[in-house]
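**Student:** here is my input; please provide its structure:
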Amino acid sequence: MNILFVHQNFPGQYREQLDWLVQQGEHRIVFLTQRRNVPKTVGVDVVTYQTHHRPVDTSYALSKYWEECCGAGFAVALACQRLAQRGFVPDIVIGHVGWGELTFLKQVWPDVPIIGFFEYYFLAQGGSVGFDPEFPASEHAPFTMHARNAVNFANIQTVDLGHSPTRWQRETFPENFHSKIYVCHDGIRTDKLHADPTAAVTLGRLGRPVTREDEIFTYMARNMEPTRGFHIFMRSLPHILEARPKARALIIGGNAVSYGRKSDAEGGYRAQLEREVGDRVDWSRVHFLGRVPYADYQKIIQVSRCHIYLTVPFVLSWSLLESMSMGATIVASDTAPVREVIRHAENGLLVDFFDPKALAAQVTDVLERPDAFAHLGPAARKDMVANYDFKTRCLPVHLARINSLVPRDKAIRLPN
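**Tutor:** Numbering: from 1, shown residues only. The predicted structure is shown next:
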């Protein structure tokens, strides 16, 4: 089968699916992306495109996002015309709709089926915007959010089938979208992500590695930002560290902003919150590790006695599911997307997003009495294996959906 993936940031949500298809050795795979300097990937023809147009800063706010997405979509269409001239015509296209990249593909290949990843519908209420009163939405938010959804509305007509990774994400879309969008997570490798009682992590300021015997608690986000509750976590630190004088915090994440507004403070949210909590924190026991290699991240979670995951109502992080697969004892925010995977006191613990003292009290309890919560990690892993495992749960669903759109003689063989 000829398969075309489209995602501006290779490989995006398709990491596992792409690897599996390559391993089959039966398909010609082309991946269109804006990302440059992609490592050579055996079995994948990575084609980089440059957006055709970007709006200027003074562009009209209500149409600015659409303008940017049209620039990306038209560039993808031109790139696909060049692929066709070279003799490549896909049997199926799989890609993310969020940046407009799929918008014009039916103008190039009217009869080629498309599966589009519908990640998020921009909500003025009920989503990330306006959830936290500390970061109020502007009076124009209902208009700008609705205008941004022009991309979603155009692409629900473009695709033959939509895909959302969680029920909550699909439910953010209008009801008339639902029948066209199936729900199945991208999948995580539970066979590779598991507990390791022998794991150890070396910290530069200590003369020894830390292990499960140490009182380690962890927090992770792609970037340290309010959308992922970084401000709440930081405000909980003084209380946790005061209550547990031997505890250490290991913090993974960059200092940029992936989602939401940027901090006006010099040094970003990290510096802003460091100044806020100030000398109430014993900084010798706080380790900002930045962005770490994937193998190191696994070990950090494996030595953690308590892992903290916070988010406003927004896209659920892979890291939460991966941490659950590794049997972590998790304290998470009691917010809609998290409740889809964590059941309080059964496979994790939920706290009020807005209450740093409640977060601190729950984390302190886990650090003090790990045996009382020892059942949570194994239960979390059991759920991940049953519902989110890539090979046994998610891959068969995705392949069945692909096969439903292509001729039988082109169908991808399902794993045994």
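
**Student:** C-alpha only now, for contacts and for neighbours.
**Tutor:** OK.

**Student:** dihedrals phi and psi, the nearest residue to Arg222 once chain neighbours are set aside?
**Tutor:** Leaving aside its chain neighbours, Arg222 sits nearest to Gly253 (4.9 Å; criterion: CA to CA, 6 or more residues apart in numbering). Backbone torsions for Gly253, taken as degrees, to the nearest 10, come to phi 150, psi 160.

**Student:** and Gly253, what is it in contact with?
**Tutor:** Going by CA atoms under 8 Å, 6 or more residues apart in numbering, Gly253 touches Met220, Ala221, Arg222, Asn223, Met224, Phe288, Leu289, Gly290, Arg291, Val292.

**Student:** out of those residues, which end up buried?
**Tutor:** Neighbour-count burial (16 or more other CA atoms under 10 Å) applied to the contacts of Gly253 gives Met220, Ala221, Arg222, Asn223, Met224, Gly290, Arg291.

**Student:** distance-wise, check the most centrally placed residue in the chain relative to Leu83.
**Tutor:** Nearest to the geometric centre of the chain sits Ser317, at 3.8 Å (CA atoms, centre = their mean). Distance from Ser317 to Leu83, counting by CA to CA, to the nearest Å: 34 Å.

**Student:** count the residues that sit near His140.
**Tutor:** His140: 11 surrounding residues under other CA atoms under 10 Å.

**Student:** so, low pLDDT: which residues of the stretch 301-416 of the chain?
**Tutor:** Applying pLDDT under 70 to the stretch 301-416 of the chain flags the ranges 416.

**Student:** point out where the chain drops to low pLDDT.
**Tutor:** Ranges of the chain meeting pLDDT under 70: 416.

**Student:** mind naming the longest helix for it?
**Tutor:** Looking across the chain with DSSP state H, the single longest helix is helix 61-85.

**Student:** so what strands line up beside the helix or strand following that one?
**Tutor:** Tracing the chain C-terminally past helix 61-85 and defining elements by DSSP states H and E, one meets strand 92-96 next. Paired strands of strand 92-96, with direction, are strand 2-6 (parallel), strand 114-117 (parallel) (DSSP bridges).

**Student:** still on that earlier bit, and which of the contacts of Gly253 is nearest to Pro209?
**Tutor:** Leu289 (14.4 Å; CA to CA).

**Student:** picking up where we left off before, and the residue nearest to Arg222, how far is that from Met326?
**Tutor:** 19 Å.

**Student:** now Leu367
**Tutor:** The gap separating Leu367 from Met326 is 18 Å, by CA to CA.

**Student:** looking at it, Leu161 is touching Val97, isn't it?
**Tutor:** No - using CA atoms under 8 Å, Leu161 makes no contact with Val97, being 11.4 Å away.

**Student:** next, show the common contact partners of those two.
**Tutor:** Gly116.

**Student:** so the two - more neighbours on which side?
**Tutor:** More neighbours surround Val97 than the other of Leu161 and Val97, with 27 against 22 (other CA under 10 Å).

**Student:** does that one touch Val151 like I think?
**Tutor:** Yes - counting by CA under 8 Å, Val97 touches Val151, with 7.4 Å between them.

**Student:** what do those two both touch?
**Tutor:** Shared contacts of Val97 and Val151 (CA under 8 Å, 6+ apart): Thr103.

**Student:** tell me who's in contact with Asp352.
**Tutor:** Counting by CA under 8 Å, 6+ apart, Asp352 has contacts Ser333, Asp334, Ala358, Leu359.

**Student:** circling back to that earlier point, quick one: the longest helix of the chain to strand 2-6, angle?
**Tutor:** 160 degrees (axes from the mean of the first three to the mean of the last three CA atoms, to 10 degrees).

**Student:** pull out the buried residues from helix 61-85.
**Tutor:** Applying 16+ other CA under 10 Å to helix 61-85 flags 61, 64-81 as buried.

**Student:** and what of stretch 376-390?
**Tutor:** Result for stretch 376-390 [16+ other CA under 10 Å]: buried residues 376-385, 387-390.

**Student:** what is the nearest of these to Val44?
**Tutor:** Phe390 (20.2 Å).

**Student:** tell me how far the closest residue to Ile252 other than its chain neighbours lies from Tyr388.
**Tutor:** Distances taken as CA to CA, 6+ apart put Met220 closest to Ile252, at 4.6 Å, once the chain neighbours are dropped. The gap separating Met220 from Tyr388 is 20 Å, by CA to CA.

**Student:** equivalent analysis for Tyr309, please.
**Tutor:** To Tyr388, Tyr309 is 18 Å away according to CA to CA.

**Student:** try Ala332
**Tutor:** 18 Å.

**Student:** hmm, back to that, tell me which of the strands paired with strand 92-96 sits most buried.
**Tutor:** Burial of the strands paired with strand 92-96 is given as mean neighbour count (mean count of other CA atoms under 10 Å); strand 114-117 ranks first at a mean of 24.

**Student:** what comes into contact with that one?
**Tutor:** 92-98, 102, 155, 158-164, 402.

**Student:** Leu395 reaches Gln17, doesn't it?
**Tutor:** Yes - at 7.2 Å, Leu395 and Gln17 qualify as touching, with contact defined as CA under 8 Å.

**Student:** compare these two (neighbour count), which wins?
**Tutor:** Between Leu395 and Gln17, counted using other CA under 10 Å, Leu395 has the larger neighbour count: 23 against 18.

**Student:** for the more buried one, pull up the helix or strand it's in.
**Tutor:** Assigned by DSSP H and E, Leu395 falls within helix 395-403.

**Student:** name the helices or strands packed onto that helix?
**Tutor:** Contacting helix 395-403 under the criterion 3 or more CA pairs under 8 Å, 6 or more residues apart in numbering; DSSP states H and E is no other helix or strand.

**Student:** hmm, who's touching that helix?
**Tutor:** Identification of contacts with helix 395-403 by CA under 8 Å, 6+ apart yields Gln17, Ile92, Ile115, Cys184, Asp186, Gly187, Lys410, Ala411, Ile412, Leu414, Pro415.

**Student:** stretch 313-320 now?
**Tutor:** So stretch 313-320 is contacted by 119-120, 126-128, 131, 169, 188, 220-221, 227, 309, 335-338 (CA under 8 Å, 6+ apart).

**Student:** out of those, which end up buried?
**Tutor:** 119-120, 127-128, 131, 169, 188, 220-221, 227, 309, 335-338.
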